[in-house]
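*Asks:* sequence unknown, structure follows:
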């Protein structure tokens, strides 16, 4: 039997503490320790998870096989580069970095050292999204809505970076074609940043995606609809179930084929549990993760393009 994978977590605020808790539940994994700039928070999580608290990140790096980095995005480069330079696999929460330059540095360091770099685009591990990939061949039109009620979280960034980037990443994974044009509009409603945004992504193969994200809606609504050759699929991100419409067999009298509506019963799984289990499996087997550093960089590039188009649209009315 192989030795347990020794894991550390850097940054154990709300999300990082959940990373730590999940690692304690995974088989063949040992949560060695956690680190946080707030030692009181870090020590409390360490006690809750039955691991050590490391005030020194270098000492944590000496003790682990891999690490989750769940610090503020502006700190991603500073925290992740030393681990990647030493060849230590890193699960880095999305987005890759605060700037494209930082993101490129992180991805390049992983490529040069050969370290595994997985980006935490959580929705790729939604069981419904996984099944959607299996069912689809050639998407032609995609419509995504990710609407949420306002909460005082992540209000230091815009809704594109906070929410829409999830769906940008999903669209890029579904449409395996070069992106040729982006248009976008948005508005600031409550914060000083854009709180609601819509983007239209046009691809070289003719596919089009219409993506909407809001953090100022009356209720939570998260859904993706995909029109492909000879089928239509709709996924509810919440219950991870898929509705599907396909033509049936054409009758011999030449009439149109009947439309058959059905649903695909997907067994829901907690996406974060699946994401961390996948990371551990990649570390153990030395394989590429589902969401690579390059994937995360591409999603960030598109998000930046969307933000730029929104800024231009806002300034045009000034």
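*Replies:* Noted; the coordinates are in hand. Here the structure is a predicted model, which is why all the values come from computation and not from measurement.
*Asks:* what's stretch 305-318 in contact with?
*Replies:* Here stretch 305-318 makes contact (CB atoms under 8 Å, 6 or more residues apart in numbering) with 158, 160-161, 164, 168, 182-187, 194, 197, 199. Heads up, the C-betas are built off the backbone N, CA and C, glycines and all.
*Asks:* those strands in the stretch 101-250 of the chain, which residues are they?
*Replies:* For the stretch 101-250 of the chain, the strands defined by DSSP state E, counting those that start in this stretch occupy 117-120, 139-147, 179-187, 196-203, 208-214, 221-228, 231-236, 241-247.
*Asks:* which of those strands sits closest to residue 54?
*Replies:* strand 117-120 (21.1 Å; CB to CB).
*Asks:* how distant is the closest one from the center of its chain?
*Replies:* 9 Å (CA atoms, centre = their mean, to the nearest Å).
*Asks:* just stretch 263-271 next, same as before
*Replies:* That offset, for stretch 263-271, works out to 18 Å (CA atoms, centre = their mean).
*Asks:* likewise stretch 17-28?
*Replies:* 19 Å.
*Asks:* need the contact partners of it.
*Replies:* 2, 4-5, 7, 9, 12, 29, 31, 34, 45, 48-51, 68, 70, 91, 272-273, 276-277, 280, 284.
*Asks:* which ones among those residues are found in strands?
*Replies:* 5, 7, 9, 29, 31, 34, 68, 91 (DSSP state E).
*Asks:* those residues: which two are farthest apart?
*Replies:* 5 and 34 (15.7 Å).
*Asks:* so between these two, which is more surrounded?
*Replies:* Higher neighbour count among residue 5 and residue 34: residue 34, with 32 against 21, using other CB atoms under 10 Å.
*Asks:* the more buried one and residue 187, how far apart?
*Replies:* 39 Å (CB to CB, to the nearest Å).
*Asks:* please enumerate the helices of the stretch 1-150 of the chain.
*Replies:* Counting by DSSP state H, counting those that start in this stretch, the stretch 1-150 of the chain has helices at residues 14-25, 39-49, 57-61, 76-85, 100-113, 127-135.
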